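Novice: okay, sequence plus prediction incoming.
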Amino acid sequence: MVIFFTVISASANTGVIVNILPDPLTLPNSCKTNGSTESEPFGVTYLCRTFDNKKYWLDFRLNETDLVANLHNDSTILDIIETDLYPYIFYQITVQGSGSKVELISYCTYDVFMDLFGDYDDAFKKSLVSQLGG
């Protein structure tokens, strides 16, 4: 399988534009790619920071694993919300890991997953939803 994508750093006013999913995403300027965009297997991670310097991550990876099965191996799943937002499947999964509750958000296509985790704020989550047609 071959996946073509483009990462463009835009002007300070527009943010970082990512063309991996069917819809382009504009991420905040605080987001920096973490790792090689030519890695095998495919994977690109963005580390982003909120205004109060909390960290969150966007991880783009191939859709070649069962997300829910992998989470069952490492933690206890408390809740799963699955929504069809063509061309995406949206997952909001709450897990109980080493002593704390964690929410994982994923947008998936047939080929690629985009996972969001960390200390993101609701404004960023709403921005993603609006950009991905949700």
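Specialist: It's in. Numbers count the residues shown, from 1 in each chain.

Novice: break down the chain into its strands, ranges please.
Specialist: 6-9, 16-19, 25-27, 32-34, 43-49, 55-62, 76-85, 88-96, 101-108, 112-118 (DSSP state E).

Novice: tell me the pLDDT of the most far-flung residue of the chain relative to its centre.
Specialist: When distances are taken from the C-alpha mean of the chain, G99 lies farthest, 23.3 Å away, according to C-alpha atoms, centre = their mean. Note on G99: pLDDT of 77.

Novice: contact partners for it?
Specialist: Contact partners of G99, counting by C-beta atoms under 8 Å, 6 or more residues apart in numbering, are absent. C-beta here means a position set from N, CA and C on the backbone, and glycine is covered the same way.

Novice: circling back: out of the strands of the chain, nearest to G133?
Specialist: Smallest distance to G133 across the strands of the chain (C-beta to C-beta): 6.1 Å, for strand 76-85.

Novice: alpha carbons of that closest one, as CSV, please.
Specialist: Presented in CSV, the C-alpha positions along strand 76-85 are these (Å, rounded to 0.1, in the frame of the first residue of the first chain):
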residue,chain,number,x,y,z
THR,A,76,-9.7,-1.6,30.9
ILE,A,77,-12.1,0.0,28.4
LEU,A,78,-14.8,1.9,30.2
ASP,A,79,-16.7,3.4,27.2
ILE,A,80,-16.6,3.3,23.4
ILE,A,81,-18.5,5.8,21.2
GLU,A,82,-18.3,4.9,17.5
THR,A,83,-19.8,7.3,15.0
ASP,A,84,-19.8,7.1,11.2
LEU,A,85,-18.8,10.4,9.7
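
Novice: in its sheet, which strands sit next to that strand, and in what direction?
Specialist: Using DSSP bridges, strand 76-85 pairs in its sheet with strand 88-96 (antiparallel).

Novice: what angle separates the strand it pairs with from strand 101-108?
Specialist: Orientation of strand 88-96 against strand 101-108 (axes from the mean of the first three to the mean of the last three C-alpha atoms, to 10 degrees) gives an angle of 160 degrees.

Novice: by residue count, which helix of the protein is the longest?
Specialist: helix 122-131 (DSSP state H).
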